[in-house]
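In: Sequence and predicted model, in that order:
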Amino acid sequence: MQIKVKFFASLSEQTGLAEITVDADNPATVLDTWKLATGDQTMPVNTLCAINMVYAHLDDNISDGDEIAFFPPVTGGCA
Amino acid sequence: MQIKVKFFASLSEQTGLAEITVDADNPATVLDTWKLATGDQTMPVNTLCAINMVYAHLDDNISDGDEIAFFPPVTGGCA
Amino acid sequence: MTALLRSEAFDPWQELAHIESGLVKGAHGACASFVGTMRDFNVGDHVHSMSLEHYPEMTQQFLDKICAEATSRWDLIDCLIVHRYGEIKPGEPIVLTAAWSAHRAEAFDACRYLIEELKARAPFWKKETTDTGERWVHDAPGE
Amino acid sequence: MTALLRSEAFDPWQELAHIESGLVKGAHGACASFVGTMRDFNVGDHVHSMSLEHYPEMTQQFLDKICAEATSRWDLIDCLIVHRYGEIKPGEPIVLTAAWSAHRAEAFDACRYLIEELKARAPFWKKETTDTGERWVHDAPGE
């Protein structure tokens, strides 16, 4: 399956990746795409993920054409 | 004692009084000034009072030169 | 701390911008504000206009007092109350409360405190003119 | 319901005035609003500037979603979110949330809901430039 994987903020700096397309087996989970995209780098604790821009869990299954995102805890808004 | 007595909003309309100066005995209470000023009219329930612009009780004692106010429940602000 | 009584219509957003222009830039992280506006209906009736009576010296003292209370209770950089009196038309702002702080919780809590205290105890009385004549407003509890 | 992402500095009071100009006069009695502004200090350090990264499509969807949630949960006439991204200087507004309703409780609760949900879950990440260099911000719980 063709899966687009995005990394944001500190997670992008740590992995050295911003956006990459990987070819995943079917079935596969969100965590599988992390391993494929990063070459099995250790995932920082508190890493959040989304499937097609909706918050997801690492063990959720993915589908062909999905956009998967990994990012650190969010810090928008204000004081 | 010379006491200035003020009435506001519906209480002013009901008593027919806006501002009146009464000559009260010493000691006297807030309630005594109501009776003197209104000619012993019945006081509506929920009537509020102030001595020198600070909320007071009907049985509080008053002093020469005080400004006493009577008014209905307040309705400032907004919805 | 500023508490203002106004006989003329005011623009709440201009009032807020004016206060902010006097604050040190970068010092506050949060501003919570509330604007109460005259509605054209109440208790099922169409309201054409409203007259807001007050007890001028006591009102000013009371508004100053609750600003001081909010400032002592929360860590505020500034706070503001503006309140109309006299003749008011539907759609016109009646009251503005605002609080500036480093953090949002203080700003929200102080802004809400100001409007709740004002509503519960500030000596203002509303008289509405509806299709059926004039009437003094009696607020329902919790309204 | 309006949720806007802005790369340029915005004036929160003008944004509020603009939304109100489109509302029916006399229909709403209450507007609660909140403005979060960039401070020039954080965790004891002087902050010169900030860069706010986001996940554009997801951010827009998320802000639209919490506006819809607030509107279904409270009886609102309108609500608004404006959020900056990109380079931000101290003193500039970062976020604005607002809710219009007939009554103040709904307006306050909805306005607060919007900023709390946004802060907890909207995909934004702050990077500060201080005297000692750049750093990603990690919010303390409850901040």
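Out: Alright, I've got the coordinates.

In: okay, CA-based contacts and neighbour counts for the rest of this
Out: Fine.

In: quick one: average pLDDT of the helix or strand hosting residue C:57?
Out: When elements are assigned from DSSP states H and E, residue C:57 belongs to helix C:56-73. In this model, helix C:56-73 has an average pLDDT of 98.

In: CA atoms only for it - export them in CSV, please.
Out: Output of helix C:56-73 as CSV, limited to C-alpha atoms (Å, rounded to 0.1, in the frame of the first residue of the first chain):
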residue,chain,number,x,y,z
PRO,C,56,-24.6,57.3,40.4
GLU,C,57,-22.2,57.7,43.4
MET,C,58,-22.9,54.3,44.8
THR,C,59,-22.6,52.6,41.4
GLN,C,60,-19.2,54.2,40.8
GLN,C,61,-18.0,53.1,44.3
PHE,C,62,-19.4,49.6,43.8
LEU,C,63,-17.7,49.1,40.4
ASP,C,64,-14.4,50.4,41.7
LYS,C,65,-14.7,48.0,44.7
ILE,C,66,-15.3,44.9,42.6
CYS,C,67,-12.4,45.9,40.3
ALA,C,68,-10.2,46.1,43.4
GLU,C,69,-11.5,42.8,44.7
ALA,C,70,-10.8,41.1,41.4
THR,C,71,-7.3,42.5,41.4
SER,C,72,-6.5,41.3,44.9
ARG,C,73,-8.0,37.9,44.3
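
In: mind listing what's buried in the longest helix along chain A?
Out: Determined from DSSP state H, the single longest helix within chain A is helix A:30-38. For helix A:30-38, a neighbour-count test (16 or more other C-alpha atoms under 10 Å in any protein chain shown) marks A:30, A:31, A:32, A:33, A:34, A:37 as buried.

In: List of residues touching that helix?
Out: A:3, A:5, A:15, A:17, A:20-22, A:24, A:40-41, A:49, A:51, A:57-62, A:68 (C-alpha atoms under 8 Å, 6 or more residues apart in numbering or on different chains).

In: Any part of the helix or strand following that helix near chain D?
Out: Remark: after helix A:30-38, the chain's next helix or strand is strand A:48-51, criterion DSSP H and E. No: Strand A:48-51 is not in contact with chain D by C-alpha under 8 Å from any C-alpha of the partner chain; minimum separation 9.0 Å.

In: So what's the model's average confidence on strand A:48-51?
Out: Here the average pLDDT along strand A:48-51 is 98.

In: So which elements touch that strand?
Out: Applying 3 or more C-alpha pairs under 8 Å, 6 or more residues apart in numbering or on different chains; DSSP states H and E, one finds that strand A:48-51 contacts strand A:54-56, strand A:67-71.

In: quick one: low-confidence parts of the chain?
Out: I went with chain A, as the question did not name one. Chain A contains residues with pLDDT under 70 at A:79.

In: To clarify, I was referring to chain C.
Out: C:139-143.

In: centroid residue for it?
Out: With distances taken as C-alpha atoms, centre = their mean, the residue of chain C nearest its centroid is residue C:95 (2.9 Å).

In: give me the beta-bridge partners of the residue nearest to that residue when sequence neighbours are not counted?
Out: Among residues not flanking residue C:95 along the chain, residue C:83 sits closest, at 4.4 Å (C-alpha to C-alpha, 6 or more residues apart in numbering or on different chains). Beta-bridge partners for residue C:83, by DSSP bridges, are residue C:5, residue C:95.

In: From the contacts of helix A:30-38, list the buried ones, please.
Out: If we count by 16+ other C-alpha under 10 Å, the contacts of helix A:30-38 have these buried: A:3, A:5, A:15, A:21, A:24, A:49, A:51, A:58, A:62, A:68.

In: Take the residues you listed and keep only those in helices.
Out: Using DSSP H, the subset of the buried ones among the contacts of helix A:30-38 located in helices is residue A:15.

In: Next one: whichever residue of chain A sits closest to chain B from chain D, what distance?
Out: Residue nearest to chain B within chain A: residue A:78 (28.2 Å; C-alpha to the nearest C-alpha). Distance from residue A:78 to chain D, counting by C-alpha to the nearest C-alpha, to the nearest Å: 5 Å.

In: what's the residue lying closest to that residue once chain neighbours are set aside in contact with, if anything?
Out: Nearest residue to residue A:78 in three dimensions, chain neighbours excluded: residue D:36, at 4.7 Å (C-alpha to C-alpha, 6+ apart). For residue D:36, the contacting residues are A:77, A:78, A:79, C:29, C:30, C:31, C:104, D:93, D:94, D:95, D:96, by C-alpha under 8 Å, 6+ apart.

In: Let's see that with 7 Å instead.
Out: Each residue near residue D:36 by C-alpha atoms under 7 Å, 6 or more residues apart in numbering or on different chains is listed here: A:77, A:78, A:79, C:29, C:30, C:31, D:93, D:94, D:95, D:96.

In: Please name the nearest non-neighbouring residue to the last one.
Out: The reference is to residue D:96. Leaving aside its sequence neighbours, residue D:96 sits nearest to residue D:35 (C-alpha to C-alpha, 6+ apart; 4.5 Å).

In: Next, that neighbour: secondary structure please.
Out: Taking DSSP: H, G, I helix; E, B strand; the rest coil as the rule, one finds residue D:35 in the strand state.
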